[in-house]
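Novice: My questions are about this predicted structure, shown below with the sequence.
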Amino acid sequence: MPAHVAALPADGERSTSSQWVSWLLVAALIYLLLAAVGAIGDGFKAATGNNAKQLFAFATNPFVGLMIGLVATALIQSSSTVSSIIVGMVAGGLPIEIAIPLIMGANIGTSLTSTIVSLGHVRNGEEFGRAFSAATVHDAFNILAVAILLPLELLFSPLQRSSEALAGLLVSDAAVDMKGMNFMKTLLAPASDTLGAAVGWIPGVWSGIALIVIGVALILFVVSAIGKLLRKVMVGRAKSIMHASVGRGPLSGMASGTVITVLVQSSSTTTSLIVPLAGTGVFSLKQVYPFTLGTNIGTCITALLAATAITGPTAVLALQIAIVHLLFNVLGIVLIYGLPFLRQLPPTIAVTLAGLAQKNKLYVVAYMGGLFFVLPLALIGFSQL
């Protein structure tokens, strides 16, 4: 064998090298995500001053906030993106009581992706029925969770109170600065200074608005790029976890849904992986159901990560809304899946919707367009009359 051929790196070495490059890119993108969230907070403060609450007066109706979160997530197709933006806005002055319905709406909006994926089976009636029910069980659960927890939140504020207590404990324990040094602030200072300088020439509140736009654009790019990179590195492993654990009971299914969503950084990707498997009969609706609940928990990691970008007096508020997102999903599972009389409601709704969809595909158009766009936009419009 010629010497130059023998010197070529083995496939395994190239693969390992490629994975290292991918993980370094993920680390760089996470840094950009943190910088982008900080930019939104800084821009929001610069643009609104002390008037953030007045700016969002139109959303003081919690149902309007819910609809805004739903439509925004359905359009962007990423609850991770929307929740990260909300964290930045809370850091900039958006009141927690307005942000909570926005977060709940994002939970509903993210389930549109799996419903779209189910359309890939539309030519085979039986497969389509299984795929559509596997997709819409996620919708039904998230809607039911909001229907139960939003009224409870409006009456007793359990999420706001408990998240405030937890955030206070975590920030007071974890954010003790050594000799006045703040690690995250120091780490993000180069990016913050660069972004600030980029809009520094823009006069008045427009510099703040420009910073918000840059922050949102960066989050859109980063969440998408991280998702693609992690899918490339982890999806094979994710499928192995899925096949090994989904059929072993509800707790195992929830755990695998959580882990895979953390690995690929997208609940939409995770549910999109399992819907085709449900359509072809690999997994039953009973097995898919707890798995999708795990994706709700896994997707909270992005908002928690984003909250670490915020420093100063608003750090506790940013962490609080991220904790609200986690508590909402955990409490929803405990209440709905934990109570037998509620547990079967989402699968029953999903099977009913799938039956209608199999009979007439116009039901699919009406369901997707009505739930995710027409109804929310109409409610927002009517609220302004």
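Specialist: Cool, the structure landed. Here the structure is a predicted model, which means the values were calculated and not measured.
Novice: Please count neighbours and contacts with C-alpha atoms only from this point.
Specialist: Fine.
Novice: Run through the helices of the stretch 1-150 of the chain in chain order.
Specialist: Assigned by DSSP state H, counting those that start in this stretch, the stretch 1-150 of the chain shows helices spanning 3-6, 11-48, 52-55, 62-76, 79-91, 96-109, 112-118, 125-156.
Novice: nearest to residue 199, of the ones you listed?
Specialist: helix 11-48 (9.9 Å; C-alpha to C-alpha).
Novice: sorry, back to before: in TSV: the helices of the stretch 1-150 of the chain, plus distance to residue 289.
Specialist: Below are those laid out as TSV (distance: least, C-alpha to C-alpha, whole Å):
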stretch	distance to residue 289
helix 3-6	52
helix 11-48	30
helix 52-55	39
helix 62-76	21
helix 79-91	19
helix 96-109	15
helix 112-118	13
helix 125-156	7
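Novice: Next, format these as JSON lines and append distance to residue 262 and mean neighbour count.
Specialist: Formatted as JSON lines, the helices of the stretch 1-150 of the chain follow (distance: least, C-alpha to C-alpha, whole Å; neighbours: other C-alpha atoms under 10 Å):
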{"stretch": "helix 3-6", "distance to residue 262": "40", "mean neighbour count": "8"}
{"stretch": "helix 11-48", "distance to residue 262": "13", "mean neighbour count": "19"}
{"stretch": "helix 52-55", "distance to residue 262": "32", "mean neighbour count": "14"}
{"stretch": "helix 62-76", "distance to residue 262": "19", "mean neighbour count": "23"}
{"stretch": "helix 79-91", "distance to residue 262": "11", "mean neighbour count": "29"}
{"stretch": "helix 96-109", "distance to residue 262": "16", "mean neighbour count": "26"}
{"stretch": "helix 112-118", "distance to residue 262": "17", "mean neighbour count": "22"}
{"stretch": "helix 125-156", "distance to residue 262": "18", "mean neighbour count": "22"}
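Novice: Select, out of those, the one closest to residue 201.
Specialist: Proximity to residue 201 (C-alpha to C-alpha) singles out helix 11-48 among the helices of the stretch 1-150 of the chain, at 13.7 Å.
Novice: I'd like the mean pLDDT over that closest one, please.
Specialist: Taken as a whole, helix 11-48 has a mean pLDDT of 72.
Novice: Over to stretch 211-228?
Specialist: 75.
Novice: Give me the pLDDT for residue 103.
Specialist: 94.
Novice: cool, and the one 10 residues further on?
Specialist: If you check residue 113, the pLDDT there is 78.
Novice: ok, and the closest non-adjacent residue to it?
Specialist: Spatially, and ignoring its direct neighbours in sequence, residue 113 is nearest to residue 268 (5.8 Å; C-alpha to C-alpha, 6 or more residues apart in numbering).
Novice: low pLDDT regions in the stretch 101-250 of the chain?
Specialist: Filtered on pLDDT under 70, the stretch 101-250 of the chain yields the residue ranges 172-185, 223-224, 226-227, 230-239, 242-243.
Novice: cutoff 90 now
Specialist: Along the stretch 101-250 of the chain, segments meeting pLDDT under 90 span 109-127, 168-250.
Novice: that older thread, how about the contacts made by the residue nearest to residue 113?
Specialist: 77, 78, 110, 111, 113, 114 (C-alpha atoms under 8 Å, 6 or more residues apart in numbering).
Novice: ok, it to residue 76 distance?
Specialist: As judged by C-alpha to C-alpha, to the nearest Å, residue 268 and residue 76 stand 11 Å apart.
Novice: Repeat that for residue 356.
Specialist: From residue 356 to residue 76 the distance is 28 Å (C-alpha to C-alpha).
Novice: What pLDDT is listed against residue 274?
Specialist: Looking at residue 274, its pLDDT is 82.
Novice: wouldn't it be in contact with residue 288 here?
Specialist: Yes. The pair residue 274 / residue 288 is scored as a contact, 7.3 Å apart, by C-alpha atoms under 8 Å.
Novice: list residues touching both of the two?
Specialist: In contact with both residue 274 and residue 288: no residue, using C-alpha under 8 Å, 6+ apart.
Novice: Without its sequence neighbours, what residue ends up closest to residue 200?
Specialist: Closest to residue 200 by C-alpha to C-alpha, 6+ apart is residue 207, at 6.5 Å.
Novice: a helix runs through the one you found, doesn't it?
Specialist: Yes. Under DSSP: H, G, I helix; E, B strand; the rest coil, residue 207 falls within a helix.
Novice: okay, residue 258: pLDDT?
Specialist: pLDDT, residue 258: 92.
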